[in-house]
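*Asks:* Got a predicted structure here, sequence first:
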Amino acid sequence: MSKNLLDNISNPSDLRKLNPNQLPELAKNLREFIIDIVSTKEGHLGASLGVVELTIALHYLFDTPNDLLVWDVGHQAYGHKILTGRKDVFHTNRQFGGISGFPSRKESKFDAFGVGHSSTSISAALGMAIASNLKGEKEKQHIAVIGDASIASGMAFEALNHAGVSKANLLIILNDNAIGIDPAVGALKEYLTKVKSDRKLAAQNNIIKALNFNYSGPIDGHNLPKLLTELERLKSVKGPKFLHIITTKGKGLQKAEEDQITYHAPGKFDKISGERLKKEASLYTKYQDVFGKTIVELAEKNDKIVAITPAMLTGSSLNLMLKKFPNRTFDVGIAEQHAVTLAAGMATQGLVPFCNIYSTFLQRAYDQVIHDVALQNLPVIFCLDRAGLVGEDGATHHGVFDLAYLRCIPNLIIFAPRNEIELRNILYTAQLGLKNPIAIRYPRGLGNIIDWQKPFQRIDIGKGICLKNGKTIAILSVGTIAENVSKAIVLSEKKINNENSISLIAHYDLRFIKPLDENLLHTILKKHQTIVTIEDGVLKGGFGSSILEFAAENYYQNKIKILGIPDNFIEQGSKERLLLKNGLDSRTLSEVFSRLI
């Protein structure tokens, strides 16, 4: 066998041919492989490095894929992917046409459940275990690996509550490293911290034992002999079991251990030193930072402003608010439902709550948005970061459904800023006092205006604007896709060689998806026979659908073409590549416009 044990391992059956005393060397090889690829291809680093020994132990002892292994979220599943037949294609991880950054059922039989959002593993594995019982497969093993940040989520507690009385053959492994993306928060985190240092607490006053689990641990998750011994024992224990392991996120790369927040997904870095490679400094600002800096500026003058986020302090840039106003900033952990209703409760008492949740994660709190906020018409300000296509994180993270799933909710205002100044001004407008809740959705990544910190201006609710006049067709857009539209119009009008320089294409930014600017729409539909709507959201039920509905309700006969995200889940890839594939890049749009003129 070669010096690098990983060279001869293509799947778990190869792994099981090794002697137990060879596994620490394999762990070293696997870490080096992950670091080598992620250092140049980028991705989620720290979480996968932290569970290398656990990953090896699970596939070594359990009969995967016959035994079912479910990873929570999937940030930590890189080692799993490499050991289960995807080593040779791992360099395509998170790239267009490559493998997904998360476990995916369509990708491998070893991926028992598709994941991307947190706290689903226990419910899924329990469902599998109950199904095995019903089918008489009493010896089949079902394992859920979940982190200490994820297990604090309400959904995970619901599953624990059920599993404890299920008699299902279920093993839950708590990967406790005291951090998710940001440091874990809450009373459960404090309890777990005490358990690590007080064995008596673990043995006597144990919350997991109280839920009828066979609890063991905490043990060192990097000690392979201990892991193998305990997992081997638990294989023969019937009913719900719980193994608490302590790991270090970023284990094996000093920089990743020292800066666990940054090295969750560090970008490109030197694989030897761990130093991140410097990117060329941009003159532009990320939308999340526009939000983060603006809310601090507003909070300095309005002491009723509070900020809430479900475990996304850094990603939303609310860490800026926390630093300046720690008593008015609330990281509630991975608990989107709680975040929304907490904001609703605050709003009833006259506070001005900014509830910042990624677009894709607000889906997890849909009932709360309807039942606790909109139904009571409470002026919660939802700030939906990562709206639209977000790139390499793929189908579970694209924020393309928000316009459609929010548009049908009564009382809710929906706004999509065209640029950083518009975002800044709607944040200012919202905190002045609205009679309704509002959802403000903005994209991941950089804006395109250098000097965006201009004096605040109030935005008229429900009012769109004309960006460019034209006599032939009218383009209606919402959000930052307007930039691609503007470029496409220039290309189209150049292409038709318009010698008289007469503007043929009009461009309107509706800004508000709800309420629509009906006066402006009447003007547009009377003036232009051909209308094109463009959005970076799903076509079914989105902004374009609202224009079609308006036209039908008012008996207009215009030709209306709607462009956006088609009715299928969008894979991973760069945002630019995905826009091109879905016909929303400026060149493809220009071809559409040219055909319609």
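*Replies:* Looks like it came in fine. Residues are numbered from 1 along each chain as shown.
*Asks:* which residues of the stretch 451-597 of the chain fall in helices?
*Replies:* Taking DSSP state H, counting those that start in this stretch to define them, one finds helices in the stretch 451-597 of the chain at 482-495, 518-527, 543-553, 575-581, 586-596.
*Asks:* er, the stretch 1-150 of the chain I mean
*Replies:* 12-15, 23-41, 46-50, 52-61, 78-81, 121-134.
*Asks:* Now for Gly98: which residues touch it?
*Replies:* The neighbours of Gly98, taking CB atoms under 8 Å, 6 or more residues apart in numbering as the test, are 89, 91-92, 572. For glycine as for every other residue, the C-beta is placed from the backbone atoms N, C-alpha and C.
*Asks:* tell me which of those is nearest to Ile37?
*Replies:* Set against Ile37, the nearest of the contacts of Gly98 by CB to CB is His91 (5.6 Å).
*Asks:* Need the per-residue pLDDT for the closest one.
*Replies:* Note on His91: pLDDT of 93.
*Asks:* picking that back up, quick one: which of the helices of the stretch 1-150 of the chain has the weakest pLDDT on average?
*Replies:* Across these, helix 46-50 has the smallest mean pLDDT, namely a mean of 89.
*Asks:* buried residues in the helix or strand hosting Lys293?
*Replies:* Secondary-structure element containing Lys293, defined by DSSP states H and E: helix 287-301. By neighbour count with 16 or more other CB atoms under 10 Å, helix 287-301 contains the buried residues 287-299.
*Asks:* Test for you: state the pLDDT assigned to the residue nearest the centre of the chain.
*Replies:* Among the residues of the chain, His397 comes closest to the average C-alpha position under CA atoms, centre = their mean, at 4.2 Å. Residue-level confidence at His397 comes out at 95, pLDDT.
*Asks:* so who does it touch?
*Replies:* 116, 358, 360, 386, 390.
*Asks:* Mind picking the two most distant members of these?
*Replies:* Maximum pairwise distance among the contacts of His397 (CB to CB): 12.6 Å, between Gly116 and Arg386.
*Asks:* Of these two, which one has the most company?
*Replies:* Arg386 (27 against 19; other CB atoms under 10 Å).
*Asks:* ok, the longest strand that the chain contains: who's next to it in the sheet?
*Replies:* Scanning the chain for the strand with the most residues, using DSSP state E, yields strand 530-538. Neighbouring strands of strand 530-538 in its sheet, by DSSP bridges, are strand 473-477 (parallel), strand 559-565 (parallel).
*Asks:* taking the ones you listed together, which one is wrapped up most tightly?
*Replies:* strand 473-477 (a mean of 26; mean count of other CB atoms under 10 Å).
*Asks:* can you state the direction angle for that strand and helix 586-596?
*Replies:* Angular relation of strand 473-477 and helix 586-596 on a 0 to 180 degree scale: 150 degrees, by axes from the mean of the first three to the mean of the last three CA atoms, to 10 degrees.
*Asks:* Any regions of the chain where pLDDT drops low?
*Replies:* Residue ranges of the chain with pLDDT under 70: 1-2, 179-182, 199-205, 497-502.
*Asks:* Repeat the analysis, applying 80 as the threshold.
*Replies:* Counting by pLDDT under 80, the chain shows low-confidence ranges at 1-3, 178-187, 189-205, 495-502.
*Asks:* ok now do Phe291, which residues does it touch?
*Replies:* For Phe291, the residues meeting the contact criterion (CB under 8 Å, 6+ apart) are 316-317, 356, 383, 385, 423, 427, 442.
*Asks:* One more: His162?
*Replies:* Contacts for His162 were tallied using CB under 8 Å, 6+ apart; they are Leu126.
*Asks:* What separation is there between it and Asn214?
*Replies:* His162 sits 16 Å away from Asn214 when distances are taken as CB to CB, to the nearest Å.
*Asks:* Export the helices of the stretch 451-597 of the chain to CSV and append columns for mean neighbour count and distance to Pro20.
*Replies:* Output for the helices of the stretch 451-597 of the chain, formatted as CSV (neighbours: other CB atoms under 10 Å; distance: least, CB to CB, whole Å):
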stretch, mean neighbour count, distance to Pro20
helix 482-495, 19, 56
helix 518-527, 15, 70
helix 543-553, 18, 58
helix 575-581, 18, 44
helix 586-596, 18, 56
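*Asks:* Nearest to Lys559 among those helices would be which one?
*Replies:* The minimum distance between Lys559 and the helices of the stretch 451-597 of the chain falls on helix 586-596, with 8.2 Å, by CB to CB.
*Asks:* Convert that closest one to CSV, retaining C-alpha atoms only.
*Replies:* Taking only C-alpha atoms (Å, rounded to 0.1, in the frame of the first residue of the first chain), the coordinates of helix 586-596 have been written out as CSV:
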residue,chain,number,x,y,z
SER,A,586,-27.1,41.4,-20.3
ARG,A,587,-26.2,39.9,-23.7
THR,A,588,-29.0,37.4,-23.7
LEU,A,589,-31.4,40.0,-22.5
SER,A,590,-30.3,42.3,-25.3
GLU,A,591,-31.1,39.6,-27.9
VAL,A,592,-34.6,39.2,-26.4
PHE,A,593,-35.1,43.0,-26.6
SER,A,594,-33.9,43.2,-30.2
ARG,A,595,-36.3,40.5,-31.3
LEU,A,596,-39.2,42.4,-29.7
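*Asks:* Quick one: work out the angle between that helix and helix 482-495.
*Replies:* Angle, helix 586-596 to helix 482-495, by the same axes, to 10 degrees: 50 degrees.
*Asks:* And for the residue lying closest to Pro12 once chain neighbours are set aside, the neighbour number?
*Replies:* With CB to CB, 6 or more residues apart in numbering as the criterion, Pro12 has its nearest non-adjacent residue at 4.2 Å, and that residue is His59. Using other CB under 10 Å, His59 has 25 other residues around it.
*Asks:* related to what we said a few turns ago, turn the helices of the stretch 1-150 of the chain into a markdown table, including distance to Lys561.
*Replies:* Compiled in a markdown table, those are given as follows (distance: least, CB to CB, whole Å):
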| stretch | distance to Lys561 |
| --- | --- |
| helix 12-15 | 51 |
| helix 23-41 | 38 |
| helix 46-50 | 44 |
| helix 52-61 | 49 |
| helix 78-81 | 41 |
| helix 121-134 | 41 |
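*Asks:* Ala27 versus the spatially closest residue to Asn223 that is not a sequence neighbour, what's the distance?
*Replies:* Ranked by CB to CB, 6+ apart and with sequence neighbours excluded, the top spatial neighbour of Asn223 is Glu53, at 7.4 Å. In this view, Glu53 and Ala27 are 5 Å apart by CB to CB.
*Asks:* same thing with Asn214?
*Replies:* Using CB to CB, one obtains 27 Å as the distance from Asn214 to Ala27.
*Asks:* The two: which is more packed in?
*Replies:* In this view Asn214 and Ala27 are compared by other CB under 10 Å, and Ala27 has more residues nearby, 23 against 15.
*Asks:* who touches the more buried one in this structure?
*Replies:* Taking CB under 8 Å, 6+ apart as the test, what Ala27 contacts is 52-53, 56, 224.
*Asks:* Tell me where the stretch 201-350 of the chain has helices.
*Replies:* Applying DSSP H, counting those that start in this stretch to the stretch 201-350 of the chain gives helices spanning 207-210, 224-235, 254-258, 287-301, 313-316, 319-324, 336-348.
*Asks:* Next, format those as JSON lines and append distance to Ala77.
*Replies:* Supplementary listing: those in JSON lines, determined by distance: least, CB to CB, whole Å:
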{"stretch": "helix 207-210", "distance to Ala77": "24"}
{"stretch": "helix 224-235", "distance to Ala77": "17"}
{"stretch": "helix 254-258", "distance to Ala77": "17"}
{"stretch": "helix 287-301", "distance to Ala77": "26"}
{"stretch": "helix 313-316", "distance to Ala77": "20"}
{"stretch": "helix 319-324", "distance to Ala77": "27"}
{"stretch": "helix 336-348", "distance to Ala77": "22"}
